[in-house]
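Enquirer: only geometry, no sequence info:
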């Protein structure tokens, strides 16, 4: 290491928002030709720190040295000039532009020869990219490729990748890592932000750890192990083991057969899906983001037209209004990327948000806020929601508290089916465990739970079974104790399809509430989609 | 008859075309400017002041058309751009709501034009107008062809030149690409080192100046310098904004659309109907606009989508 | 790079969102902004009118206060327009068409008043019935005018801002046409309808403007209760805040939107009826002036608070009457001075909003700490918020 040159050095960097520290006295070194992981939980200040290198934010205190010289980065342009390129977690791409147009965006000089030059870069690193394709027609991994090529075209010597693997399949991750290694051979320095330990171990030379905005330490990857890293990351020893509650499952609560759902743009979201949920059992759903999970949830709770049959305790719920479906005990909480878009009204108070599903229950034209306020106080206490009052707009709460309110509200409806998508999205470990505990409590009460998740490790340990979706098709349903991550990963990409290997076996309960004849009749009734 | 109708349609449509080009440029930078009626009013006022200024400088003798034109255009553009500057300062720098700011600008601009304009000498405008209404004096020798293509004043040609220029700039140049990226996704543009503030300000100022020429054109050319204070420039402004939607943010379609809008505005005068019916038929362009709004929303084609960042202010430290 | 360069690179000022401004400070800033803009306007008036400041001020207050009932009426009408658009705006529906909606309401009741004159003259009860017809006609017409754009908005997502604006001009053309017809083509307008018999006129006790003022105050109270206490109002607010959430919790968004616009239209209908039966007994294309726009601005910048809206409406009515006296006294020929002043006032409010929402830090001496850190003052829940946001 000694002979290597330091390309970036951060000294005592501090940054605060609303007067509160996000980064505090951070010191960091990046050497030439190395891959450095920045590890930390969500909210530990990793992205903020990197955004100061990319010119999005300015540090309030401290100094940045690049190639040994004091640097002033006041805008993304300054950052490029220093040879720094950042691939943001939320891609910074213009949807209606082509890949080419996105890549040349902001280039100062002549762009007449750009097309060929970009093509050369693609060839050199082995990117398969159609430069004329528009971004909105691309897959997530293609978009990421555009981002990386964009940075390379700017001759970046230093690349910062912010959680690049969050949206990729295991196979795509391997591909990305190969590209990163090629770039390292090219003597480029790479920073990868992540909170996944296995990736740190797999790709990086060194790892720096942040916790709650503070710099903890830097280690050589080969001298450390996941357990040690976890301790640094969370600050105290935590048991990584998630609890899987083992209880006797009931007969099927919700049975779904031959489900077809379309997306908004009329393309197929869910294609001929069979599955069922049992009380006291958690069925996990694995799949790349955007391969029909949302549409499936919406169909079940009556928000989207579908073909096929959905039965609840043996009774078809097709054509029920969302209101009616809620009344019979099916509840859904979907946490979108921005957390607030679905299920919560950001500018309304906690009380008003809790009322969303129950305000119709009392008689008369007026909203009963008084009992809602009592309920809000109750919920705040039970789940430890941190808030000044029940009248605080939910957008002013932290992500964890917002999610507690949403999940708490849904569970407060005393459902017999819980459909929950990404309930721990963006939460720190403690908050995540709180949510898992809540779900386990419900499971113990014989509630059927459909859990749509991102993190395979969590799905593997927390759920009883996992259903894998790939482009809206069921790739198979497996008991978590009989499978492994590699198998799930292959199924997610469609490389392995258990339903083809063992046709007819998946998603059909042996002890179904309906006989096959009754199912046939349901199918016949299914001519016109509901409202 | 038809030729004169068509000529009239073009001549009327140019009022909308100026407004449409200006607003297109502004919307391409991601700002929805509902202040266009006010800006056009300010442009009209500025033009009128420019004319007065000309007579103050060069005296009231024979009119030197080119100087008159230059001074009028500069003053008109300047007044309109000042309105635009206010709008840009409020929405880009001070992050004020774009719709509300636009409405305030409209209220202010229309009121200001009428307030100042009402105490202005109209006879000078009428004189000035006569000298700029036709650019090519030879058009009468060319018959219908001449009437259709060469019977207009300088500003008409300027409008079409500007439309084609804007089309070229947006479609073919780097500046146009960068500008569109600011309107589509300012976050992206910013991250790519494009100065969002500079692009937005430039687009708003230039767009406002262009829209303001629509007011100047109406006062000096189209209306023949008659009492512009009573002119319904406000309505022209709203129709211009609607024309932007009709044109699907494409200046080339805007050129055709402006002739259609212009034609509908003057159509009642060519129908040979009574004064009473004339009042009723005055609603034609508005009804057409409503139909356009409905049809475009039903079609909802991918190509007719407004810039994605339209109407949303960009504040860098906010994510 | 050396230290000299550093200074060049530093932007002149940076802005931060602020969360800690006390309420009174915000009010003070707004009031100050309004005061400054009024002073600027009066200076402009002084220059244009070339009058003495004392005269201008005298005319201003005289004009505003000489007819107190008129002042209250104007304020009430402005408030009424504000109440008409408020439910729609809470739903983030840009109803710019209050003018047109009031106009068609007023127009329909004018037509009824004109053609049923003989019926109304027969007896006191018939006159009452006539008023009922006029009211019903006005209500219906305004509701239709408000609901048409709403239907297209709900089903096709048609841009309601421009749609409602166009509906204003269509209404205006209708008014011009009907006036011509009623005047039998002889004049542009028949003027005051039923001047001789006063059929279809609603007479107020106490003062001629008493009824409209009371009615609009009642409307304002109703709207306030509707928006803050009822399920309907709650649904509209949720819809405005997040349409996806409204759908997710099973609200019928189309029904809510159209229902709310029916309410908006109904209030416009009430105002239209009052215009015809009590206030004007006539109609022309400028009956509504720019009330609809001004009401939008008032509602928006009062943060939809009915009490503040009432105060601002009163202030603007005061200004308008005052300036019209100034312009009349100096024979300026047009009363657009009030639009100029209203424009300036709202500009300054918009500017002041910025200083209420954001904190500006001027970076002249970067190395020195300009402000003490506020970390110790911050409550724990806020710390959590920030941590999540900076993720």
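Expert: Structure received. Predicted, not measured: the structure shown is a model, and the values here were computed from it. Residues are numbered from 1 along each chain as shown, chains lettered A, B, ... in the order given.
Enquirer: Run a quick neighbour tally on whichever residue of the stretch 1-150 of chain B sits closest to chain A.
Expert: Among the residues of the stretch 1-150 of chain B, residue B:30 lies closest to chain A, at 11.5 Å counting by C-beta to the nearest C-beta. Every residue, glycine included, has its C-beta placed from N, CA and C. Around residue B:30 there are 31 other residues, counting by other C-beta atoms under 10 Å in any protein chain shown.
Enquirer: Likewise for residue B:150?
Expert: Neighbours of residue B:150 (other C-beta under 10 Å): 17.
Enquirer: got it, and residue B:113?
Expert: 30.
Enquirer: my guess is it contacts residue B:44, does it?
Expert: Yes - applying C-beta atoms under 8 Å, one finds residue B:113 in contact with residue B:44, separated by 5.9 Å.
Enquirer: Now the lowest-mean-pLDDT helix or strand in chain B: buried residues?
Expert: Lowest by mean pLDDT, DSSP states H and E among the helices and strands of chain B is helix B:143-150, with a mean of 76. In terms of neighbour count (16 or more other C-beta atoms under 10 Å in any protein chain shown), helix B:143-150 has its buried residues at B:147, B:148, B:150.
Enquirer: so which of these are also by chain C?
Expert: Of the residues in these, proximity to chain C by C-beta under 8 Å from any C-beta of the partner chain holds for none.
Enquirer: Common neighbours of residue B:113 and residue B:44, please.
Expert: Contact with both residue B:113 and residue B:44 is made by residues B:215, B:228, B:233, according to C-beta atoms under 8 Å, 6 or more residues apart in numbering or on different chains.
Enquirer: Just among these, which is most surrounded?
Expert: residue B:215 (35 neighbours).
Enquirer: where along chain B do the strands fall?
Expert: With DSSP state E, there are no strands along chain B.
Enquirer: Now do the contacts for residue A:217.
Expert: Per C-beta under 8 Å, 6+ apart, neighbours of residue A:217: A:208, A:209, A:232.
Enquirer: re the thing from before, for the residue of the stretch 1-150 of chain B closest to chain A, give me the pLDDT.
Expert: At residue B:30, the predicted lDDT confidence score is 94.
Enquirer: Check whether it really touches residue B:186, as I assumed.
Expert: Yes - at 6.1 Å, residue B:30 counts as touching residue B:186 under the criterion of C-beta under 8 Å.
Enquirer: what sits in contact with each of these two?
Expert: B:309, B:314.
Enquirer: What are the structural domain limits within the chain?
Expert: Just so you know, I chose chain A. A:6-234, A:241-331+A:414-531, A:343-413 (automatic domain parsing).
Enquirer: look at chain C instead
Expert: C:12-51+C:330-366, C:71-317.
Enquirer: Within range of chain B, give me the residues from chain A.
Expert: Counting by C-beta under 8 Å from any C-beta, chain A comes close to chain B at A:17, A:54, A:56-57, A:75-77, A:79-80, A:86, A:88, A:92-97, A:101-102, A:104-107, A:111, A:150.
Enquirer: Run through the residues of the stretch 151-300 of chain C sitting next to chain B.
Expert: Residues of the stretch 151-300 of chain C lying near chain B (C-beta under 8 Å from any C-beta): C:152, C:156-159, C:161-163, C:165-167, C:169-170, C:173-174, C:176-177, C:179-181, C:185, C:290, C:293-294, C:296-297, C:300.
Enquirer: what residues are up against residue 149?
Expert: Looking at chain A here, since you left the chain open. With contact set as C-beta under 8 Å, 6+ apart, residue A:149 has these partners: A:99, A:103, A:118, A:121, A:122, A:127, A:129.
Enquirer: I was thinking of chain C, sorry if that wasn't clear
Expert: Residues near residue C:149 by C-beta under 8 Å, 6+ apart: C:95, C:97, C:158, C:160, C:163, C:164, C:167, C:261.
Enquirer: a strand runs through it, doesn't it?
Expert: No - counting by DSSP: H, G, I helix; E, B strand; the rest coil, residue C:149 falls outside a strand, being helix.
Enquirer: Can you report how many residues neighbour the nearest residue to it once chain neighbours are set aside?
Expert: Excluding its sequence neighbours, the residue lying closest to residue C:149 (C-beta to C-beta, 6 or more residues apart in numbering or on different chains) is residue C:163, at 4.1 Å. Per other C-beta under 10 Å, the neighbour tally for residue C:163 reads 24.
Enquirer: so what pLDDT did residue C:163 get?
Expert: Value for residue C:163, per-residue pLDDT: 95.
Enquirer: Looking at the contacts of residue C:149, spot the one nearest chain B.
Expert: Nearest member of the contacts of residue C:149 to chain B, counting by C-beta to the nearest C-beta, is residue C:158, at 4.0 Å.
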